[in-house]
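**Student:** Structure of the sequence below:
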Amino acid sequence: HLKVNGRLDIIVASSSADVAADYALAWNATSSPTMTCNSTGEADCTRTFDIAYERLNGRAMVVYATSSATGVLYYRLWDGSSWTSPTQITLSSVGRPTFVDLKAKPKSNEILLGVSVDVSGTHEMEAFVWDGSAWGTSILATDVINGSASALEHGNAVGVEWETNSGEAFVIWADASGAT
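**Tutor:** Just a heads-up that it's a prediction; the model follows:
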């Protein structure tokens with residue numbers, strides 16, 4: 001995701017930006033799980049991080065999981081010159097996050113977060129709204145069918161977006177029956 005003006009500040013490049021030495025890492029989460037695909041199916045891929053920009057003040061937000069913690073995500077904000085310290089987002093689901101999806105609301109500092117979580121083979125999804133200063137209470141959807149039997153404990157089973165006309169948040173998720 002890029003800021004409205006096209007700038008992305010995770011990696012910083014010098015003015016020439018024509019060789020590898022012209023790029024510098026601004027920040028990374030060294031303990032984040034690596035993105036993996038356990039089979040050839042897209043649903044088996046994980047992505048435990050995402051980035052979005054608050055549309056009014058332009059701050060970047062990165063939300064990510066770590067490989068050592070279950071039931072939590074972390075976020076950091078970038079104001080164009082420095083990162084905030086990592087801050088925890090506590091999930092209702094005490095499991096392993098497998099996919100993170102962020103979407104910024106146009107003309108607002110609100111950001112919508114969707115996260116897929118593997119809780120011992122049961123698939124769960126949570127959604128939160130950032131209001132520009134804090135995360136609100138989560139919405140939780142649980143699939144009581146064993147996700148391991150249908151390979152739903154891996155990868156992307158949630159998508160989030162803001163409806164253009166009303167500004168309402170949309171959260172879509174998959175369950176074991178595929179009927180959500």
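
**Student:** from what I can see, residue 112 looks like it's in a strand, true?
**Tutor:** Yes: under DSSP: H, G, I helix; E, B strand; the rest coil, residue 112 sits within a strand.

**Student:** State whether it and residue 161 are indeed in contact, as I suppose.
**Tutor:** Yes: look at residue 112 against residue 161 with C-beta atoms under 8 Å: they come within range, at 7.4 Å. The way it works is simple: take the backbone N, C-alpha and C, and place the C-beta from them, glycine included.

**Student:** Give me the nearest residue to residue 85, chain neighbours excluded.
**Tutor:** Excluding its sequence neighbours, the residue lying closest to residue 85 (C-beta to C-beta, 6 or more residues apart in numbering) is residue 76, at 7.4 Å.

**Student:** Contact partners for the one you found?
**Tutor:** Applying C-beta atoms under 8 Å, 6 or more residues apart in numbering, we find residue 76 in contact with 27, 61, 62, 83, 84, 85, 86, 87.

**Student:** What about those residues, which are in strands?
**Tutor:** Among the contacts of residue 76, DSSP state E puts 61, 62, 87 in strands.

**Student:** Give the single residue among those positioned nearest to residue 172.
**Tutor:** Nearest to residue 172 among the ones in strands among the contacts of residue 76: residue 61, at 21.2 Å, using C-beta to C-beta.

**Student:** Please name the bridge partners of the closest one.
**Tutor:** Per DSSP bridges, the residues bridged to residue 61 are residue 52, residue 77.
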